[in-house]
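[1] sequence and computational prediction follow.
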Number of protein chains: 2
Amino acid sequence: VKTLGDLGEFGLIARVARIVGDPGVEIGIGDDAAIVRIGGGRVVLTTDALVEDVHFRRGWETPRRLGRRAFAVNASDVAAMGGIPRASLLSIVAPRSESAHDLLEIHRGFAGAAREHGAPLVGGNVSGGPVRMISVTLVGEAPRRPLRRDGARVGDLVFVGGPLGRNALARERRLAGARGSRHPPLPLPSPRIVLGRALAERRLSRAAIDLSDGLVQDLEHVCAASGVGAELELEAIPLAPALRRLARDAALELALHGGEDYELLFTAPARKRAAIEALASPAPVVIGRIVAGSGVVLVDRTGRRRRARPAGFDHFGRGARGRRG
Amino acid sequence: VKTLGDLGEFGLIARVARIVGDPGVEIGIGDDAAIVRIGGGRVVLTTDALVEDVHFRRGWETPRRLGRRAFAVNASDVAAMGGIPRASLLSIVAPRSESAHDLLEIHRGFAGAAREHGAPLVGGNVSGGPVRMISVTLVGEAPRRPLRRDGARVGDLVFVGGPLGRNALARERRLAGARGSRHPPLPLPSPRIVLGRALAERRLSRAAIDLSDGLVQDLEHVCAASGVGAELELEAIPLAPALRRLARDAALELALHGGEDYELLFTAPARKRAAIEALASPAPVVIGRIVAGSGVVLVDRTGRRRRARPAGFDHFGRGARGRRG
């Protein structure tokens, strides 16, 4: 292993996790967010960066909307722990030639979304640099029993909180087509804070993750952390309305591997199903089950089974496609 | 105002502060760190970014040491509030061709320093991007009465926690001279956590800031926030031993404007002086006083007074010199 490209993003994270580790930390590296006891309380902590031409492109959406997106994708990580965002930090790197108005608009978008979610922008930083980079940290209130990645058990049902593929489709169209205003703005994710909180506080779920890398890859993260495998029923996967005009295979591809859904994926014992389906409207949908073994198997309507290709997005791995990880 | 370069880093921060603001936040944007009540406790929050070729250069120090530096400069902001770091997050952007070993070394250095200071690395993020960017967030325990920037009062003495100019000198030599191993490594700052905590808990100080931009500029931040002016006695400013071989004016220039000292600058009523001098060894030094008015005036040994030039580092302002802000 020589370069980051050889090792891959997740390879690097696994090695980092071996470096760190601390007995005082309730949940550390390797989940959607960390949980730590500080100053008499328990807090959820998460950080993520959006880099120009890697995670976003200029001109795809307004700076204000980009600011809102930066808040939302981080809030989704807090939601995946069952936490409630309470404060936010925004650190921006930008070239000296950058429009001051645009930078303030990013702050306005971020601060607006943060305020609406009860997590005011309380600090940050501005530095010079070669491209725009937006680094976000959210701090939240931890639930008594956080939703972890490593709690899935054989026999659990696999749920998803909403339809998939909408963001991936919009992004593919942008990448394939013309720039500018001919396209509608990219959809903004709605972090599933209320759903995550209910799953945690009512002890309905055993394991959860937010869907950022793609359904298959994120489910693989849960399986690897929990030491189990999973089967997905392709027929059961809810597709976003925007995907209905696509060929079935193309739509499924986006739902399985597209990424950036920012819906919650979680597992729960079958006896909790009714309570879970009553939690939100539209109701979370059962799309598969946890099985012994490892990895993800796809089951089609005829009952034919095939192992999901180990695709998905890795920032540094081969075939990285330059989007959110 | 069109570009960030026109507006300047501090101009941008002032405008951002007007966008945000929230009654539930004890200390928000505009101080070294924020203080917020979360999950039953009060936490200190700070974030900062180090960008390659802006804040650091490759080859100036080992990746491990760079990781330690990234922790230390953020811990200094927590110290300036009187807080104690309790957890840390590290987000790294790097090119695909980056050495995996180097990136792990940055993590090792950061995690080692973080562990030693009781603020374990609990989360982070790795993304692709054009250059190395290291974004850090620290979360700490807040003191009952935080050290703010805006508490200085006319008549207060101005103290500095240690000698100045060492880091600025090392950096100037690097910039002027050859690369590689001919130079000793850049000094690593030691965040003044114990001193900051004592100043806050024993109510010895009315206002504090950590010295990152340079003595004059950081003192101006305190003056502006507090609505006062300050006089500095040039003879009293403690110079780092490394500066003794320089001409007096060159040494003073580094101490006044060089930046990156990461010592605490603070103000206190004269009656607290003995208690403050007994706090640490070497003792904090009185270098001036708070006066009515605004801005910083320099007083030389003959009693001659001149207004300090409004220099200092601004990432986007004219004359930005490409180092830490």
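    Looks like it came in fine.

[2] switch to C-alpha atoms for all contacts and neighbour counts from now on
    Fine.

[3] tell me how many other residues crowd residue A:190.
    If you count neighbours by other CA atoms under 10 Å in any protein chain shown, residue A:190 ends up with 14.

[4] do I have it right that it meets residue A:74?
    No - between residue A:190 and residue A:74 there is no contact under CA atoms under 8 Å: 10.7 Å.

[5] can you name the helix or strand that residue A:249 falls in?
    helix A:248-257 (DSSP states H and E).

[6] ok, now which ones touch the residue nearest to residue A:212 when sequence neighbours are not counted?
    Sequence neighbours aside, residue A:260 is the residue nearest to residue A:212 in space, at 4.3 Å (criterion: CA to CA, 6 or more residues apart in numbering or on different chains). Neighbouring residues of residue A:260 by CA atoms under 8 Å, 6 or more residues apart in numbering or on different chains: A:167-168, A:211-214, A:324.

[7] and if you look at residue A:204?
    A:198, A:268, A:272, A:275-276.

[8] hey, which helix or strand in chain A has the poorest pLDDT?
    helix A:9-19 (a mean of 72; mean pLDDT, DSSP states H and E).

[9] most distant residue from the centre of chain A?
    residue A:97 (32.1 Å; CA atoms, centre = their mean).

[10] three-state assignment of that residue?
    Classification of residue A:97 using DSSP: H, G, I helix; E, B strand; the rest coil returns coil.

[11] show me which residues of the stretch 101-250 of chain A are close to chain B?
    Neighbours of chain B within the stretch 101-250 of chain A, by CA under 8 Å from any CA of the partner chain: A:101, A:104, A:107-108, A:111, A:120-131, A:135, A:137, A:140-142.

[12] among those, which lie within helices?
    A:101, A:104, A:107-108, A:111 (DSSP state H).

[13] now for those, which pair is the farthest apart?
    Longest distance between any two of those is 14.9 Å, between A:101 and A:111; criterion CA to CA.

[14] these two: who's more crowded?
    For residue A:101 and residue A:111, the more surrounded residue by other CA under 10 Å is residue A:111, and the numbers stand at 27 against 16.

[15] residue A:276: how many residues sit nearby?
    Using other CA under 10 Å, residue A:276 is surrounded by 23 other residues.

[16] thinking again about what came up before, quick check: buried residues in the least confident helix or strand of chain A?
    Of all the residues in helix A:9-19, those buried under the rule 16 or more other CA atoms under 10 Å in any protein chain shown are A:9-13, A:16-17, A:19.

[17] my guess is residue A:133 contacts residue A:50, does it?
    Yes - Residue A:133 is within contact range of residue A:50, at 5.7 Å (criterion: CA under 8 Å).

[18] which among the contacts of residue A:204 end up buried?
    A:198, A:268, A:276.

[19] all strands for the stretch 51-200 of chain A, in order.
    Taking DSSP state E, counting those that start in this stretch as the test, the strands found in the stretch 51-200 of chain A are A:84-94, A:121-128, A:133-141, A:157-160.

[20] got those as CSV, with mean neighbour count and distance to residue A:298 columns?
    Formatted as CSV, these follow (neighbours: other CA atoms under 10 Å in any protein chain shown; distance: least, CA to CA, whole Å):
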stretch, mean neighbour count, distance to residue A:298
strand A:84-94, 26, 33
strand A:121-128, 27, 42
strand A:133-141, 27, 35
strand A:157-160, 25, 13
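
[21] quick one: closest of these to residue B:26.
    The closest of these to residue B:26 is strand A:121-128. By CA to CA, the value is 9.4 Å.

[22] which strands border the closest one, and is each parallel or antiparallel?
    strand A:84-94 (parallel) (DSSP bridges).

[23] for residue A:35, give the beta-bridge partners.
    Assessed by DSSP bridges, residue A:35 has beta-bridge partners residue A:27, residue A:44.

[24] confidence score at it?
    Note on residue A:35: pLDDT of 92.

[25] wait, it touches residue A:46, no?
    No - Residue A:35 is beyond contact range of residue A:46, at 9.1 Å (criterion: CA under 8 Å).

[26] helices of chain A, start to end?
    Ranges of helices in chain A, per DSSP H, are A:4-7, A:9-19, A:63-79, A:100-116, A:166-176, A:193-201, A:215-226, A:248-257, A:273-277.

[27] and the ones you listed, which is most packed in?
    helix A:63-79 (a mean of 26; mean count of other CA atoms under 10 Å in any protein chain shown).

[28] in terms of secondary structure, what does that helix contact?
    strand A:41-51, strand A:84-94, helix A:100-116, strand A:133-141, helix A:193-201, strand A:207-210 (3 or more CA pairs under 8 Å, 6 or more residues apart in numbering or on different chains; DSSP states H and E).

[29] dump the ones you listed to a markdown table, plus mean pLDDT and distance to residue A:4.
    Converted to a markdown table, the helices and strands packed on helix A:63-79 look like this (pLDDT from 0 to 100; distance: least, CA to CA, whole Å):
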| stretch | mean pLDDT | distance to residue A:4 |
| --- | --- | --- |
| strand A:41-51 | 91 | 17 |
| strand A:84-94 | 94 | 22 |
| helix A:100-116 | 94 | 30 |
| strand A:133-141 | 95 | 19 |
| helix A:193-201 | 96 | 33 |
| strand A:207-210 | 96 | 25 |
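
[30] cheers, nothing more for now.
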